[in-house]
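Colleague: coordinates only, no sequence provided:
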DNA sequence: GATCCTTGTCACAAAACTGCAACCGAAGTG
DNA sequence: CACTTCGGTTGCAGTTTTGTGACAAGGATC
């Protein structure tokens, strides 16, 4: 899976380092800036999945950056978390009302920050937070019913989709045709086991389009499995 | 607009009264219970737009209620805010990881609670918060009931409007006809699933007028979704 | 009450998918 | 090497799913 992209807008260098460390460890690509104007530009360039925004920064204020981000069509749907030293209620409410999705008060625990970000992402983009299956360079998003390989969209028919999904759920494991029929087709289907071959072929054809290495391994007299190193 | 519906699960009567008061003033219809089992039942009956859940309640624990709500298709997408006396970091993180959308520690300010709820709602169901919805070059202003594509006004019938609104609230995600019937039509409507097709067609017709690319993706044997890159 | 708009269904057309059977070649076996 | 077994491929007919246009019923408007 490609990493989630985080745009961090924070002018306290030490704090930014700390936050960056924890988010990178959690699997984010972090882009940093301490300047409000630059943040707006970077938001367009980087297309982050999430923006962490300090309330008090150089240039325009964080709250103003937040407002402007919300107004632009390209960034209107990117979740924003406000980061601030102020703990007074009125400020917190103002932050939330401006369109921030969450609001964290300094000092905070970096782990909690990451957990909160995950919670916000899970809401906004389930795709980025779990409904996602992956193996090697294959990604499957169940909610949007999409499959990619190396970034390219792979069109799959319903059966091939279910088949790949099942394989992705147990990568590496070998399934006999019978077991696959049971798992991928409706349980009572009376279908010739060889039919599985045909669908495996169709899956391979779609997946390997463009001369990519075959990830579906055939285990003679046993079945099929997903496998990158053969 | 019809009021937003809040399900409050809290067994401290005084606290529940306080919270109820503030949310009703903010324009919510509040349904209350102090019991976990009952909460699950009410969630199905009331179809709340948001659930406020105390961590420590009678019957099953709040965290278990949260988990079960998330597992059910009908309530999986309802935003949940956890309410708790525990302030320790590990608990907070556990709460968020269970699938809660936000986490508020007692004692809290009722006003902030309402503001946080609004922020969560704005994320999850932007339409409820009177926000502008947008995807690709489609913009919808819920308040004024107006839809634009690339600047041009798009006339839509009531049903098509609600359908598009629902798709816009979860762009990219695939909805089965049944789920769309549930979300876009009244919950008890006994309508042929194929009727959805017809309305999708009408929506497409209106949206794609003037030879624009189709943004409604058909996912065979799965449903429909909004989708720009196909 | 006449008119206009919206809605849910239906029937038919078009498109996509499915399973099978037949034929081939590759991999084991002795 | 001759033989056997197993998986790969292909074409296609039948089936399933979706698109589409027409229509009648119901509501709203004026």
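Modeller: Sure thing, it's come through. Keep in mind it's a predicted model, so treat the numbers as computed, not measured. Numbering: from 1, shown residues only, chains lettered A, B, ... in the order given.

Colleague: using the three-state scheme, assign residue A:45.
Modeller: helix (DSSP: H, G, I helix; E, B strand; the rest coil).

Colleague: tell me the contacts of it?
Modeller: If you count contacts by CB atoms under 8 Å, 6 or more residues apart in numbering or on different chains, residue A:45 has none. The C-beta positions use only the backbone N, C-alpha and C, and glycine is treated the same way.

Colleague: DNA strand C contacts on chain A?
Modeller: Taking CB under 7 Å from any atom of the strand, the part of chain A that reaches DNA strand C is made up of A:157-160, A:185, A:189-192, A:194-195, A:198-199, A:220.

Colleague: please repeat the previous calculation with a cut-off of 10 Å.
Modeller: Of all the residues in chain A, those in contact range of DNA strand C (CB under 10 Å from any atom of the strand) are A:155-163, A:181, A:184-186, A:189-199, A:201-203, A:206, A:218-221.

Colleague: where does chain A have its least confident helix or strand?
Modeller: Scoring the helices and strands of chain A by mean pLDDT, DSSP states H and E places helix A:89-98 at the bottom, with a mean of 67.

Colleague: secondary structure element for whichever residue of chain A sits closest to DNA strand D?
Modeller: At 3.8 Å from DNA strand D, residue A:218 is the closest residue in chain A, using CB to the nearest atom of the strand. If you go by DSSP states H and E, residue A:218 is part of strand A:216-219.

Colleague: and the gap between the residue nearest to residue A:137 when sequence neighbours are not counted and residue A:212?
Modeller: Leaving aside its sequence neighbours, residue A:137 sits nearest to residue A:150 (CB to CB, 6 or more residues apart in numbering or on different chains; 4.6 Å). Distance of residue A:150 to residue A:212, given as CB to CB, to the nearest Å: 7 Å.

Colleague: neighbour count winner among the two?
Modeller: The residue with more neighbours, out of residue A:150 and residue A:212, is residue A:212; 14 against 11, by other CB atoms under 10 Å in any protein chain shown.

Colleague: surely the more buried one is within a helix?
Modeller: No - when classified by three-state DSSP, residue A:212 is found to be coil rather than part of a helix.

Colleague: is it in contact with residue A:152, as I believe?
Modeller: No - distance between residue A:212 and residue A:152: 9.3 Å, which falls outside the contact criterion (CB atoms under 8 Å).

Colleague: re earlier: for PyMOL, write a command that selects the buried ones of the residues of chain A next to DNA strand C.
Modeller: Filtering the residues of chain A next to DNA strand C down to the buried ones (16 or more other CB atoms under 10 Å in any protein chain shown) takes a single PyMOL command:
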select buried, chain A and resi 156+159+160+161+162+163+181+184+185+196+199+203+206+218
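
Colleague: after the strand holding residue A:218, which helix or strand is next?
Modeller: Elements were assigned by DSSP H and E; along the chain past strand A:216-219, the next helix or strand is strand A:223-226.

Colleague: pull the residues that contact that following strand.
Modeller: Residues from elsewhere that reach strand A:223-226 (CB under 8 Å, 6+ apart): A:135-136, A:167-168, A:171-177, A:179-180, A:196, A:200, A:215-219.

Colleague: pull out the buried residues from the residues you listed.
Modeller: Under a neighbour-count criterion of 16+ other CB under 10 Å, the subset of the contacts of strand A:223-226 counted as buried comprises A:135, A:167, A:168, A:171, A:175, A:177, A:180, A:196, A:200, A:215, A:216, A:218.

Colleague: the fourth one and residue A:135: what is the separation?
Modeller: Distance of residue A:171 to residue A:135, given as CB to CB: 5 Å.

Colleague: check which helices and strands the host helix or strand of residue A:114 is in contact with.
Modeller: Using DSSP H and E, the secondary-structure element containing residue A:114 is helix A:110-124. Contacts of helix A:110-124 with other secondary structure elements, assessed using 3 or more CB pairs under 8 Å, 6 or more residues apart in numbering or on different chains; DSSP states H and E, are made with helix A:13-25, strand A:50-54, strand A:80-84, strand A:102-105, helix B:89-98, helix B:110-124.

Colleague: let's have the ones you listed in CSV, adding distance to residue B:8.
Modeller: Listed next are the helices and strands packed on helix A:110-124 as CSV, based on distance: least, CB to CB, whole Å:
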stretch, distance to residue B:8
helix A:13-25, 34
strand A:50-54, 29
strand A:80-84, 26
strand A:102-105, 21
helix B:89-98, 17
helix B:110-124, 11
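
Colleague: least confident of these, on average?
Modeller: Ranked by mean pLDDT, those end with helix B:89-98 at the bottom, a mean of 65.

Colleague: near DNA strand D, which residues of chain A?
Modeller: Residues of chain A that fall close to DNA strand D, judged by CB under 10 Å from any atom of the strand: A:158, A:176-177, A:193-202, A:204-205, A:208, A:214, A:216-224.

Colleague: so where's chain A uncertain?
Modeller: With pLDDT under 70 as the threshold, chain A has low-confidence stretches at A:1-2, A:58-59, A:73, A:86-97, A:122-130, A:230.

Colleague: 50 instead, please
Modeller: Low-confidence regions of chain A, defined by pLDDT under 50, span residues A:1, A:126-130.

Colleague: quick one: residues contacting residue A:101.
Modeller: Contacts were defined as CB under 8 Å, 6+ apart; by that measure residue A:101 touches A:79, A:80, A:81, A:120, A:123, A:124, B:119, B:120, B:122, B:123.

Colleague: partner residues bridging the second one?
Modeller: Residue A:80 has these beta-bridge partners by DSSP bridges: residue A:51.

Colleague: next, count neighbours for it.
Modeller: 27.

Colleague: quick check, it in contact with residue A:63.
Modeller: No - Residue A:80 lies out of contact with residue A:63 (CB under 8 Å); the separation is 10.5 Å.

Colleague: please identify every residue contacting each of these two.
Modeller: Shared contacts of residue A:80 and residue A:63, defined by CB under 8 Å, 6+ apart, are absent.

Colleague: name the residues that touch stretch A:148-166?
Modeller: So stretch A:148-166 is contacted by A:2, A:133, A:137-140, A:142, A:145-147, A:175, A:180, A:183-185, A:199-200, A:202-203, A:206-207, A:209-210, A:212, B:220-222, B:229-230 (CB under 8 Å, 6+ apart).

Colleague: if you look at these, which of them are in helices?
Modeller: Secondary structure of the contacts of stretch A:148-166 is defined by DSSP state H; positions in helices are A:180, A:183, A:184, A:199, A:200, A:202, A:203, A:206, A:207.

Colleague: for those residues, work out which two are farthest apart.
Modeller: Taking CB to CB as the measure, the ones in helices among the contacts of stretch A:148-166 span a maximum distance of 19.5 Å, between A:183 and A:206.

Colleague: so how far is the strand or helix carrying residue A:166 from its chain's centroid?
Modeller: Taking DSSP H and E as the definition, one finds residue A:166 inside helix A:158-169. Chain-centre distance of helix A:158-169: 20 Å, with CA atoms, centre = their mean, to the nearest Å.
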